[in-house]
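1. the following block contains a protein sequence and its predicted model.
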Amino acid sequence: MEMALNSTAKDVLTKIEKAGFSAYIVGGAVRDTFMGILPSDYDIATNAEPKDIKSIFPHTVDTGIKHGTITVIENKMGFEVTTFRKETGYSDKRHPDLVEYVDDIKEDLKRRDFTINAMAYSLNDGFVDLFDGERDIEKRIVRCVGESEKRFKEDALRMLRCIRFAACLDFEIDDDTFSAIKKYGVLIKNVSSERILAEFNKILLTDYPEKIRLLYDSGLIKYIIPEFCDCFNTEQNNRYHIYNVGEHILKAVENTPKDLALRWSALLHDVGKPRCKSKDSNGIYHFYGHHKESVKIADDVLHKLRMDRDLMHDILVLIENHDVHIDSSPMAVKKMLARTGENLFFKLLTLQEADNSAKNMQYIEDKLSKIRAVLDKAQQIIAEGQPYTVSQLQINGRDLIKLGYRAGREIGDTLKFLLDEVLIDPKLNNRDYLIRRALARKKKI
Ligand code: ATP
Ligand code: MG
């Protein structure tokens, strides 16, 4: 096997070695090489300390100096260079706090999480694979370095990382490692939200969305989205559905493209259903108001995970509207476009498609053709530049003031009044006409 090294990475290794230290490519880049993937970046482990690295390279950034990591910038590429260290405590559940440098790559590899991530390569030694990482890549297995239970107790985030690698690489999880996750899942509660969210997002963005099921099978999801588990005990005795709520959710997520807002909203769109279940006199189940309950739960979960506000806003709007029937009439489409904005509107239709495709096949074609009609209409409205918000009117608040309107509500109401006309007939969106209409209205109020 030949290490997939680019010339700059080779240069960085050579410079560190020429200064009298050892230097190894570690982690993802070695794993990628064994999987036949071209690495996207290179992490380096060395016995040189950050101060030594700074004296070798003119451009460095202190990205994690407390933990012995600095980033070397060479040829416009960044290389994270970390001093060999031993496994140390994670008292803040974020970063190993007691950094204890060691002189040997072997010690450094022992502290790494999984065998597939614990291989190294140096120009002098070639590959170093102390824990059979290569074999596990061949077998497509994620397995802890050392004793799984001990490793998860040291840093519970590794449980989520394990699922992340299994999902992103389409690997299985070693039995012993998986049992340890089932046993110690609760420890994930001690991990900081930022670390959880980063791994969770990577899981959701996997190329193998069917693997998202591992979050449920392992039991980990219970500690991140507690309401999720009840969904698997909630049947949907209703002709549109053939799965229980949990299975339906997983299918819906699988049907979404690789987009964070879409995957998150698919995951959470029905979590409110167990709390909203009712049964009518024919024994049919209904879930009235579940979109609102799902928004409430999602708001709570995403807040706790400290998700950034813009992404969270999009996810909540998608959940809130996931079940809204949008008519394909121009008026209905424009109203929804105004409510969500263009970008989110198309995501909403994608979510609705994914959601409906996870229900009873018998009704899918009808549903999907309706959604497609809405999509066509929206594309036409946008392509023709038909206005659907006041900001697209050929008249604005300043114009109205010039016509004698007082600043405040009068202006907002008048713009809405004009928009209502333009929504019906886009040709009316011309300045002369709108000024005339505004003047006429002014006389009446
Ligand atoms: P990616 O390609 O997704 O970046 P990666 O393997 O480089 O994959 P990182 O999260 O960047 O993953 O971590 C780099 C390396 O650091 C890992 O390969 C692993 O060896 C080690 N590592 C990271 N986090 C932990 C952890 N919590 N416990 C033990 N080792 C870890
Ligand atoms: Mg990496």
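-> Yep, it's here. Ligands and ions are numbered 1, 2, ... in the order given.
2. so how many other residues sit close to the nearest residue to R306 once chain neighbours are set aside?
-> Closest residue to R306 apart from its sequence neighbours, by CB to CB, 6 or more residues apart in numbering: S193 at 4.7 Å. Placement of C-beta: from N, CA and C, glycine included. When neighbours are defined as other CB atoms under 10 Å, S193 has 15 of them.
3. residues touching S193, list them.
-> K304, L305, R306 (CB atoms under 8 Å, 6 or more residues apart in numbering).
4. now it: how far from S391?
-> 36 Å (CB to CB, to the nearest Å).
5. could you export stretch 227-243 as PDB, CA atoms only?
-> Presented in PDB, the C-alpha positions along stretch 227-243 are these (Å, rounded to 0.1, in the frame of the first residue of the first chain):
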ATOM      1  CA  GLU A 227     -39.400  11.800  22.800                       C
ATOM      2  CA  PHE A 228     -38.000   9.800  19.900                       C
ATOM      3  CA  CYS A 229     -38.300   6.400  21.600                       C
ATOM      4  CA  ASP A 230     -42.100   6.700  22.200                       C
ATOM      5  CA  CYS A 231     -42.500   7.100  18.500                       C
ATOM      6  CA  PHE A 232     -41.600   3.400  18.100                       C
ATOM      7  CA  ASN A 233     -44.500   2.400  20.400                       C
ATOM      8  CA  THR A 234     -47.000   4.600  18.600                       C
ATOM      9  CA  GLU A 235     -48.900   2.800  15.900                       C
ATOM     10  CA  GLN A 236     -50.800   4.800  13.300                       C
ATOM     11  CA  ASN A 237     -54.000   3.000  12.700                       C
ATOM     12  CA  ASN A 238     -55.000   5.100   9.700                       C
ATOM     13  CA  ARG A 239     -55.200   4.200   6.000                       C
ATOM     14  CA  TYR A 240     -52.500   6.600   5.000                       C
ATOM     15  CA  HIS A 241     -49.900   5.000   7.100                       C
ATOM     16  CA  ILE A 242     -48.300   1.500   7.200                       C
ATOM     17  CA  TYR A 243     -45.500   2.100   9.700                       C
END
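6. which parts of the top helix by length along the chain are buried?
-> Taking DSSP state H as the criterion, the chain has its longest helix at helix 364-383. Within helix 364-383, the residues scored as buried using 16 or more other CB atoms under 10 Å are K367, K370, I371, V374, L375, K377, A378, I381.
7. for that helix, what is the distance to the chain centroid?
-> Distance of helix 364-383 from the chain centroid (CA atoms, centre = their mean, to the nearest Å) equals 27 Å.
8. and stretch 190-202, by the same measure?
-> Remark: stretch 190-202 is offset 11 Å from the chain centroid, using CA atoms, centre = their mean.
9. kindly report the same for stretch 421-434.
-> Stretch 421-434 has its C-alpha centroid displaced from the chain centroid by 41 Å (CA atoms, centre = their mean).
10. same question for stretch 399-414.
-> Worked out by CA atoms, centre = their mean, stretch 399-414 lies 43 Å from the chain centre.
11. can you check stretch 390-408 too?
-> 41 Å.
12. please apply the same query to stretch 398-417.
-> 42 Å.
13. kindly report the same for stretch 151-164.
-> With CA atoms, centre = their mean as the basis, the mean position of stretch 151-164 lies at 19 Å from the chain mean.
14. that one vs ligand 1: in contact?
-> Yes. Using CB under 6 Å from any ligand atom, stretch 151-164 reaches ligand 1 at D155, L157, R158.
15. redo the residues you listed as JSON lines? Include neighbour count, pLDDT and secondary structure.
-> JSON lines is the format used below for the residues of stretch 151-164 next to ligand 1 (neighbours: other CB atoms under 10 Å; pLDDT from 0 to 100; DSSP: H, G, I helix; E, B strand; the rest coil):
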{"residue": "D155", "neighbour count": "22", "pLDDT": "95", "secondary structure": "coil"}
{"residue": "L157", "neighbour count": "23", "pLDDT": "97", "secondary structure": "helix"}
{"residue": "R158", "neighbour count": "27", "pLDDT": "97", "secondary structure": "helix"}
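16. ok, and the closest non-adjacent residue to the closest residue to ligand 1 within the stretch 301-445 of the chain?
-> The nearest approach of the stretch 301-445 of the chain to ligand 1 comes at L305, 17.8 Å away (CB to the nearest ligand atom). Using CB to CB, 6+ apart and skipping the chain neighbours, the partner closest in space to L305 is L197 (4.5 Å).
17. on that earlier part again, pLDDT on the longest helix of the chain, on average?
-> Taken as a whole, helix 364-383 has a mean pLDDT of 95.
18. before we move on, what about stretch 241-255?
-> Per-residue pLDDT over stretch 241-255 has a mean of 94.
19. neighbouring contacts of that stretch?
-> Contacts to stretch 241-255, defined as CB under 8 Å, 6+ apart, come from residues 204, 209-210, 212-213, 216, 228-229, 231-236, 263, 266-267, 269-271, 273-274, 353-355, 357-361.
20. gap between it and the chain center?
-> The answer for stretch 241-255 is 19 Å, by CA atoms, centre = their mean.
21. ok, stretch 325-336 next?
-> Taking CA atoms, centre = their mean, one finds stretch 325-336 lying 29 Å from the centre of the chain it belongs to.
22. equivalent analysis for stretch 182-193, please.
-> 20 Å.
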